[in-house]
Each structure stands twice: as C-alpha cells, then as structure tokens.
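[1] no FASTA, just this:
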C-alpha cells in the first residue's frame, strides 16, 4: 500500500451523494492510500465501468464474510472509503485489475440500487484534526513514527516512500491511516480502525497494534537467531562425535551404536524375517550408520527398525482343535446363535484335517446389542488364539489401513499391522468392527484398501505402506461386524461370508438375562443373589415395558439400574432381600416406556399396520389414509423416502384400477385428494416393503371397510397387484410379536424364510403367504366383500 503525498488533508474534497459501491474481500482501504485491487466479472466490474464513465469515484466497503460470492446489503460493512480509480486493466477472463486511491471515510446510508451493480447514498465521516496538538498528542505522533522505524529494522517490509511521508506528517488522523494501511491487520481490526472517526482515538488504536507488531517481529527475530545457533552447534557436535568415533576405533572400544545395530540383526534372525524383509533391514541399517545420531532421519530409521524386528513374522499360537471344548466355550458365553457356533466347529474340523487351510472371512450382520463383538472374543477363546479388535466407524483415511509412508517423523504402520503387533502372534482372531460405517474423502477409500486385507488370494503378501515389505495375513481369522449390508461396497462384501444375527425373542431375552446379564450386573455392583432376586414375571415386565430393541443393551441397563438402587439400600444397612416383582418394577424404574402401538382400540378405516426393518431391528409402521376435497392429488407426509414415495404412487395406481374394476365412481379421484401419512414424522422412513400396507389402507378408505387391528402386512406391490418378496422377515416378525400382532401377511416368496424363525414365534403368530393383492384384501379388511365378486369366505389357512 502506498501513501499519496500529493493530496492535502486540508483541502475540501467534494463528494457526490450517490456513487457505485464495490464490495471487497479480505481488504480494507484507508483514505490517502493507493492499493491495487482485483475485481470479478460480475457486479463489481459493472460498478467499475459506471464509475469510470462518471467521475471515477467508487465506494469501497469490506464484506463481513469473505466466503460469500454475491453478498446481500446486510452482509456488507456500512463504513468504507470513497476511492478514485486511477488505472484500470481488463484481463482476458473478464476480471479487472484496478489501482484506486482512498479519498475519504464515508458511511453508506442506504443502497438505492442492487442490480446490475450496487449503488448507494453516502455520508462523509472524516473528523476534524485538532488544532493545535497538545504535548501528549505530539508524543503519541512521535511514538508511532518511532514504532514504524523499529518495525523496518526488525524486517517489516515498508517502502522508503511511506517512511518519508510519515516523517513529514503531523496530523494524527492521516498518520493513523498511513500506519494502519501498512500493517498486516485482520479484517475485523482494520474495519474497527476505519470506523473510528476521531483522529486521536484512531492513532491510539493504531499505536496499540504497532506495539503488538513490534513484539511479534522481535520474537520472530529471536527464533531465527536461535535456529542459526542450533545449526552451528549441531555441526560442531557432529565433528566432535566423528573425532570421538575415531578415538574409540583406535582404542578398540565398542560403542553403544554398534551394539544397537547388532541387536537389530539378532532380532531379525530370531523372528525369522523373510528374505525381502532382511534386505530392507540391511539397507536401513546402512543408512543409520551414515546418519548423524541426533538427526530427525535417524529417529525415523530407528522407529522403522523397531517395528520391523518386533512384528511376529513366524510366531503363531497353536489352535486348540477339540471340537467339544470349542462348542462348550461358545455355549457358555452365548445363548442360541447355533448357526455361528456350527460354523466355528466346522472351521476347527477342517483345521484338524488340513493344517494350512486358509482362514475364512466371517461377517456378522445384525442390530446393535445382539452379541457380535463378544462373539468374536468367545471364538478366540474357543480356538486358543489372541483376540484383537479395532473399530472402523468413521475411518476416512486410507492410511489408517495401509499405513503412512515413511516421509515424516510421525509416520506409523496401518491399524492392521498395529493389531497384529499388539497380538504378538501372526494368527490372531482379528475383529473389524462397524465396517458399514467406513467413510471416504479426498484421502482415499478405506473400503477399497481393505479388499487386499480380506481377500484370501491376496492377503498372504499384504504390503503396508510403512513397512514396504509383504506381510502374510492369510493365517489371521478375520471377523467383521455391521448393522446393515447396504452401505458396504459389493466388491468388499463379496470377500466375506455373511452370517446374520437377528434379534432375540422374549423367551431368549429371559434366558440370557438369567444366565448372563443378572450375574454380570450383580458382580459389577457388588451384590450377591442374597441381596436381590429377579422373578420371571418381573423380568418379563422389564422386557415388555422398558425395552423395545432387537438386542440386549437396554435390558442390561435396566437391570443395572435396579441393582444400583438395591446397592444403595444395602450400603445404608438394609439387609432384607429385594424381590423384583411386576408390581415393584415401576418403583425401581418409573413408568413404563413402551406400549403396544399396533393394538388399536378397534378396527379403523384407512389405518393399516406395516412392518419396517431398521439397523436396530424390526419396528412397526402405521399408515394412515384419508380423502379430502381437492383436485385428485396424492399427498405424502411423514418424512417418507424416495422408495416409499414410489411405493405410494404404485399403490395409488393399483387402487384406481381396483376401483374401476369394482364399479366405484371414478369422479371420486378427480374431486378428492388422497393423503397418505406415516406417524412419527420426525423419523425418516424408507424401504421397499410398505407397498401392500399403503394399498390396503387406500382400499379401506375407498370401501369404508376397516382394517383388522391385529393384522400386520409387509411386502412390495407392482402395478399389476403382484406381491414382491422382502428382507428382514425374522426381525419384522419379532417386532410384530412383541407388539401383540396375531396375524402376519407376508409375500409368498418369503415362505422359505419361515424355517429360520424360532418355533415359538411360528406357533404364536399366524402367517399368511400371498402372491396378489386380491388375496390380501379378504385377509386384512374386516367384513370384506368385493363389488365385482362374491363375498370372501374368510381367512385362508395359515402357512
């Protein structure tokens, strides 16, 4: 920034009332200062053209937020500087380079025009210079001049012309503007100085900023001097160490450095490093011998050699291949989960027949709290292996998997190699938790990096970026966990054997609570069975009224809450045994938190009960439909996703076809709007399984036949009325059973999934498999009778 000495501060400068307004990003222009500016090819360029066509004057105001490209009037500071455009250069891309000189402070009273450029009415704000200056004021002026001189001596880049002008300035206001224009101030600070009209107040403010700048420059100078001293000392120490090394060689003494290198070579021999790793080890040792002992590079090399020689290259733990023992361990730690237990027993059987069999990649998929992580720990105990777990939720950097390249001091191996190092053996049970929550950004895709880790055809030579040599991961038993499969890349999913862990039934939760949760919470809270006893009815009330989940975490929390309240009584000296019965549960836990939403008071027209499958298990989904006078529009509310919106449109089209076939008045659809709503509007809802639920609710509204309150439906519909299969049948059936549903209508193609349901669930729920909407309506609607057909003879036989 340059001060123009040709302008006399005493001359009266006549300013027009209305001038073009030019917003500035990260720049504040002060009066009497000449600055170059870059103007974009938008409103700014048009404002400059208008100013050049008039009197070359333009109002320069700083934006409050420099990130905004097209600021609103409220996003501009009101106080700025009226400047004169001295030169202008148009660039090929439409932008302009202009040279402007600040003339006077001004305030934008209002913007009289915003298109095609900003134009505003201004008011001049320059204050009067005090005449004459007092002794204190002259001292302040001299102090600012001295600070500017000192800043130059400390390395501040201020042009000699500015110093000449400053030496001849006695007016506090102009000197303050000159100094402020040559300081590296934040936009907020510079704007604050610009808005200070009183000259002496402004100069005081600038003096404070100059004082801070002097302190910063002084500190910077000291740091530079210290750094030069450190370099000189390091060079001197290097020569002394070389002399010391020569003296030790003459005396035949072995230094610690030689012992350290010999230790690396011995560890490599003991660990059984492969040939390529030994070559890299020798290469790095030669570099270490040539490096300065205190250099940063030496630290990097030592850290690398420590990692290379401490990894368990050939160290393996012997598998315990006793099938009965493995099954007993798994049964001891987990109730049910027979499919997983059978798979582990199969693995042991194969290992007993083929010792070098490759480890499978298992993927446990299920809602939170069903025991995925603890199951991995039990598998390690059954096999007699070490257990390692890392969570990949939120990981976005590929280097977290493959490691960092050795280009800086803080580089480290990836989390896979770190986990193997932590285990101390090359064949641990390695659990990768939350793989469905892996992120991706500009630093790479961790999911793609894991493809090599989890591919049995590639992971025998996994190359970590930090190690730079292949490491055999084929002996590792990898287990991954996820709540949902949809977010996982198909290529990633293809490398894993998926085992689903669905939610637990009420009886399962009762048994697990009795075997595991209650003893665990008693132990954690310092209680014994003599202090508290959970009755079966009391435990069942906790499950039904205070937990609504597929897993067990909330149940464990509620049991823990009761145990803590009992612990308080025991600590106060009360020795009587607490009995957790249904009538006392509310005294411990308060009012019930969950109720059976599906069991309405009576059958209702236009209200159907559907089922949803979420990351936390199954859930109920009520669908409400009403017809209101309108123009035939379909209104969808309740935060429905794109798939559910399309299901609703398909259901509406089928309902129109159904109405035409059954002789309903077609004018109804053109004179009424159909409103489809899913309650709990704050929760997003989506998925391809609500088609028959929406269709049933619409047909119920049309025919005025109520939907059976004890019937739940799940399935997708085509325009022809055919029912398509769905996923998550077990989770949905568990949710329906927990809510008190008695009849469940499912797609016919999902009959094959009924065998995976618990026997009690199949006994207490009546399943009806259907292939077309014509089969659904007689089952779901009470007193159903089609106008075009004879009355239905009731429900079909259960499947």
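    On my side now, so go ahead. Keep in mind that this is a model prediction, so the values were computed, not measured.
[2] May I have the beta-bridge partners of residue 676?
    Applying DSSP bridges to residue 676 yields these beta-bridge partners: residue 625, residue 636.
[3] tell me the pLDDT at it?
    Looking at residue 676, its pLDDT stands at 92.
[4] cool, and residue 131?
    What the model reports as pLDDT for residue 131 is 68.
[5] Check the one 10 residues further on too.
    Listed pLDDT for residue 141 reads 79.
[6] need the next SSE after the helix or strand hosting it, C-terminal direction.
    Using DSSP states H and E, residue 141 sits in helix 135-153. The element immediately downstream of helix 135-153 (helix or strand, assigned by DSSP H and E) is helix 160-167.
[7] Now do the buried residues in that following helix.
    Buried positions in helix 160-167, judged by neighbour count with 16 or more other C-beta atoms under 10 Å: 162, 163, 165, 166. (C-beta placed from N, C-alpha, C; glycine too.)
[8] The third one contacts residue 178, correct?
    If I follow you right, that is residue 165. Yes. With contact defined as C-beta atoms under 8 Å, residue 165 reaches residue 178; the gap is 6.5 Å.
[9] Contacts for stretch 315-331, please.
    Identification of contacts with stretch 315-331 by C-beta atoms under 8 Å, 6 or more residues apart in numbering yields 271, 337, 340-341, 344-345, 348-349, 351-352, 378-379, 381-386, 424-428, 475.
[10] Could you rerun that using 10 Å?
    Around stretch 315-331, the neighbours that count as contacts under C-beta atoms under 10 Å, 6 or more residues apart in numbering are 270-272, 337-338, 340-342, 344-353, 355, 375, 378-386, 423-428, 475, 477.
[11] taking the mean pLDDT, what do you get for that stretch?
    Mean per-residue pLDDT for stretch 315-331: 87.
[12] Buried residues of it, list them for me.
    By neighbour count on 16+ other C-beta under 10 Å, the buried set for stretch 315-331 is 317, 319, 321, 326, 327, 329, 330.
[13] quick one: which two of the residues you listed are the most distant?
    Taking C-beta to C-beta as the measure, the buried residues of stretch 315-331 span a maximum distance of 20.0 Å, between 317 and 327.
[14] Farthest-apart pair in the buried residues of helix 160-167, please.
    Among those, 163 and 165 lie farthest apart (C-beta to C-beta), at 7.3 Å.
[15] Who are the packing partners of the longest helix along the chain?
    If you go by DSSP state H, the chain has its longest helix at helix 199-251. Judged by 3 or more C-beta pairs under 10 Å, 6 or more residues apart in numbering; DSSP states H and E, the packing partners of helix 199-251 are helix 135-153, helix 172-181, helix 187-195, helix 256-271.
[16] Between those, which one is closest to residue 86.
    For the helices and strands packed on helix 199-251, proximity to residue 86 was assessed by C-beta to C-beta; helix 172-181 is nearest, at 15.8 Å.
[17] Keep only those of the buried residues of stretch 315-331 that are in helices.
    The members of those that map onto helices under DSSP H are 326, 327, 329, 330.
[18] quick revisit: drop anything exposed from the contacts of stretch 315-331.
    By 16+ other C-beta under 10 Å, the contacts of stretch 315-331 give 271, 337, 340-341, 344-345, 347-348, 375, 378-383, 385-386, 423, 425-428, 475, 477 as buried.
[19] Quick check: end-to-end length of stretch 738-747?
    Criterion C-alpha to C-alpha, to the nearest Å; first-to-last residue distance in stretch 738-747 is 21 Å.
[20] what about that stretch, distance to the chain center?
    In terms of C-alpha atoms, centre = their mean, to the nearest Å, the centre of stretch 738-747 is found 36 Å from the chain centre.
[21] again with stretch 477-495
    Computed by C-alpha atoms, centre = their mean, the chain-centroid distance of stretch 477-495 equals 19 Å.
[22] next one: stretch 144-158
    How far stretch 144-158 lies from its chain's middle: 48 Å, per C-alpha atoms, centre = their mean.
[23] ok, back up a step: please identify which of the helices and strands packed on helix 199-251 is closest to residue 702.
    helix 187-195 (64.3 Å).
[24] For that closest one, give the mean pLDDT please.
    For helix 187-195, mean pLDDT rounds to 85.
[25] for that helix, packing partners?
    Where contact means 3+ C-beta pairs under 10 Å, 6+ apart, helix 187-195 is packed against strand 57-62, strand 79-90, strand 96-113, helix 172-181, helix 199-251.
[26] These: which one's closest to residue 738?
    Closest to residue 738 of these, according to C-beta to C-beta: strand 57-62, at 61.7 Å.
[27] picking up where we left off before, would you list the helices and strands packed on helix 187-195 in CSV and tack on mean neighbour count?
    CSV is the format used below for the helices and strands packed on helix 187-195 (neighbours: other C-beta atoms under 10 Å):
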stretch, mean neighbour count
strand 57-62, 24
strand 79-90, 19
strand 96-113, 18
helix 172-181, 25
helix 199-251, 13
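[28] Pick out the shakiest of the ones you listed, pLDDT-wise.
    Mean pLDDT values for the helices and strands packed on helix 187-195 show the minimum at helix 199-251, a mean of 75.
[29] any idea how far it is from the chain center?
    How far helix 199-251 lies from its chain's middle: 42 Å, per C-alpha atoms, centre = their mean.
[30] ditto for stretch 435-444
    Centre-to-centre, stretch 435-444 and its host chain are 9 Å apart (C-alpha atoms, centre = their mean).
[31] ok, residue 66 - contacts?
    Contacts for residue 66 (C-beta under 10 Å, 6+ apart) come out as 23, 24, 25, 26, 27, 187.
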